[in-house]
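[1] got a sequence here, can you model it:
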Amino acid sequence: MVHDQKQVLESKLLESCSVEDELEEKILEAVNLLMTFKEKRDKLQIEHDKFAAMLLPSYLQVIPAFAYTLEVQVISNA
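    Residues are numbered from 1 along each chain as shown. Take a look at the predicted model:
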């Protein structure tokens, strides 16, 4: 009886070790994936900021003209 229990416990121990190894591997993969996504996010943020800096002066020139057009239309419709 003790021998059978020992075999069961040894089997469970081996299974637990195997599960532990699989979980460690999955955690490492998840960490690597997270780092990759963060790098991609950072690169996209830099690219976005560059384009925004390029476009901002154009928008700043258009906005006053657009606001003036709206003001003229509102006054003429009044």
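
[2] tally of neighbours for residue 46?
    10 (other Cβ atoms under 10 Å). Every C-beta, even on glycine, is put in place using the N, C-alpha and C of the backbone.

[3] and it, how far is that from residue 40?
    11 Å (Cβ to Cβ, to the nearest Å).

[4] repeat that for residue 20.
    As judged by Cβ to Cβ, residue 20 and residue 40 stand 31 Å apart.

[5] pLDDT wise, what is residue 49 at?
    pLDDT, residue 49: 89.

[6] count the residues that sit near it.
    By other Cβ under 10 Å, the residues close to residue 49 number 10.

[7] just residue 34 next, same as before
    10.

[8] now it: which helix or strand?
    helix 2-77 (DSSP states H and E).

[9] next one: residue 51 from residue 40, what distance?
    As judged by Cβ to Cβ, residue 51 and residue 40 stand 17 Å apart.

[10] same question for residue 31.
    To residue 40, residue 31 is 15 Å away according to Cβ to Cβ.

[11] low-scoring pLDDT stretches of this structure, where are they?
    Applying pLDDT under 70 to the chain flags the ranges 59-78.

[12] try it again with 90
    The model of the chain has pLDDT under 90 over residues 1-4, 6, 49-78.
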